[in-house]
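In: Okay, predicted coordinates and the sequence, questions at the end:
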Amino acid sequence: AVMPSLQSVPREKHPFGEADAHSFVGESEAAWKLRDSAAFVASRSAHVLLLGESGTGKEIVARAIHESSTNGQRRLVSRNAATLPTGLIDAELFGHVANYPDVGMRERPGLIGEADGSTLFLDEIGELSHDSSTKLLRVLDEGGEYQRLGDARTSTSKFRLIGATNRAVSSLKPDVAARFRLRISMPPLGDRREDIPLLARHLLRRAAASDPGIGARFFEGWNGHDGE
């Protein structure tokens, strides 16, 4: 197959079929176009929205974008928005001061505070409630300014938001969707059929690393690696 014309990413030095430096596996034209899109986005500062079916590698691409950005040396703050406890979303996102709401409570920086100077990845961002989306929008609109629960002062966090959803863009609040000026559509596996054997081998290797029986069953001469 003819490789796509790549303008943003240099040809990787990983062995053909192996995971690249960002743990992404794939040699199909769609996979290389995705690498190119991630590299293009990584060199910019705008917020990013990843769109695509579950299981297409949105978290891996989010990490690749972060690691290739100017803030890549800092820790990526990552959370699945669908797992944020109802009633505690404000505390999870924005944090709270010490002794709030109860005496003895430790200070919590919140996901936005933790991501200061780095990247916040919110998977399944479409699961956020209307109220939480509005509060998140306020942070994005006001230069990262927000208020922790119980704090009379405002705080500021300079972070980049990467959101991911398997829903249509139309399912997001229009004003929230508009804040994601950079978008990447993840190709479904049906468009990457030639990558499926490579992905299967990669997943089997990972499983075999903790289960020698799998390695012995699927890889000839297995002794911690498959001999390649």
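Out: Cool, the structure landed. Residues are numbered from 1 along each chain as shown.

In: C-alpha only now, for contacts and for neighbours.
Out: Fine.

In: in the sheet, who's paired with Thr165?
Out: Under DSSP bridges, the beta-bridge partners of Thr165 are Leu51.

In: you'd agree it is up against Gly55?
Out: No: assessed by CA atoms under 8 Å, Thr165 is found out of contact with Gly55, at 11.3 Å.

In: which of the two has more neighbours?
Out: Ranked by neighbour count (other CA atoms under 10 Å), Thr165 and Gly55 place Thr165 first, with 22 against 11.

In: Would you mind measuring from that one to Ala152?
Out: 34 Å (CA to CA, to the nearest Å).

In: and if you look at Asp116?
Out: Noted for Asp116: a distance of 20 Å to Ala152, by CA to CA.

In: Which of these two has more residues huddled nearby?
Out: Ranked by neighbour count (other CA under 10 Å), Asp116 and Ala152 place Asp116 first, with 18 against 9.

In: Check which helix or strand the more buried one maps to.
Out: Using DSSP states H and E, Asp116 is not contained in any helix or strand.

In: neighbours around the nearest residue to it once chain neighbours are set aside, how many?
Out: Among residues not flanking Asp116 along the chain, Ser157 sits closest, at 4.6 Å (CA to CA, 6 or more residues apart in numbering). By other CA under 10 Å, 18 other residues sit near Ser157.

In: just checking, Ser157 touches Thr119?
Out: No: assessed by CA under 8 Å, Ser157 is found out of contact with Thr119, at 10.5 Å.

In: average model confidence for stretch 159-173?
Out: Per-region confidence: stretch 159-173 scores 93 on mean pLDDT.
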